[in-house]
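J.: Curious how this folds, go ahead:
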Amino acid sequence: RGILVDEIFKTSVEDIYAAGDVAQVWDPHTQKYVLDSLWGVAREQGRVAGINMAGVHEPYQRKTPFNVTRIGRITTTLIGCIGQPESDDDLVAIARGDSETWRSSGNAFAVKKDTENNRVRLLVGKSNIQGALVMGDQTLSRPLQHLITEQVDITPIRERLLDNPEELAELIQCFLSERERTNHA
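T.: Sure thing, here's the model as predicted:
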């Protein structure tokens, strides 16, 4: 799917480097090579590849992908892995809102159909949330970014999330509030 590169963006060909949309970069979280097609990520990859081409050894530290854009006048936030769960047996998708694509995938289910342009899709791993797509109402964007970026263990609420996805916002807010209280105690 792309040019495989090592941690300094060097390819298997001597003195040839690749970065940006064409480079498959090792993701330590998923233990797989991934393509990142976001402008900010490509820019950082190019910076690191350039430094390494100049002879400085600076390994690339892949961060959690994050992008906010407007699609059809709807604010859309993408965080982490938002691909298809069928390629990973341990991922489960939860969708709040309704979308024909989400309903037909068989790996996600609609939670609430009466929300006009508000959608949330989560990819939930065994102990953490791997990724999120938030469209419309952005209330959950920051909490989800924290949970995904910090790889917070959601084991205490995972089953409730999967069993009661319509309570997604409440479960996450309560979980984070309780964590904060516990951390400050």
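J.: Please count neighbours and contacts with C-alpha atoms only from this point.
T.: Noted.
J.: okay but D21 is in contact with A42, surely?
T.: Yes. Contact criterion CA atoms under 8 Å: D21 and A42 qualify, at 6.6 Å.
J.: residue nearest the centroid of this protein?
T.: Nearest to the mean C-alpha position of the chain, counting by CA atoms, centre = their mean, stands G80 at 1.2 Å.
J.: hey, what's that residue bridged with?
T.: Beta-bridge partners for G80, by DSSP bridges, are G131.
J.: Quickly list what's touching both of D21 and A42.
T.: Common contacts of D21 and A42 (CA atoms under 8 Å, 6 or more residues apart in numbering): D36.
J.: helices and strands of the protein: which one bottoms out on pLDDT?
T.: The helix or strand of the chain with the poorest confidence is helix 100-104; it has a mean of 45 (mean pLDDT, DSSP states H and E).
J.: Pull up the pairing partners for the helix or strand that that one is followed by, direction included.
T.: Moving toward the C-terminus from helix 100-104, the first helix or strand encountered (DSSP states H and E) is strand 119-124. According to DSSP bridges, strand 119-124 forms sheet pairs with strand 92-96 (antiparallel), strand 129-135 (antiparallel).
J.: Least reliable of these by average pLDDT, please.
T.: Lowest mean pLDDT within the strands paired with strand 119-124: strand 92-96, a mean of 55.
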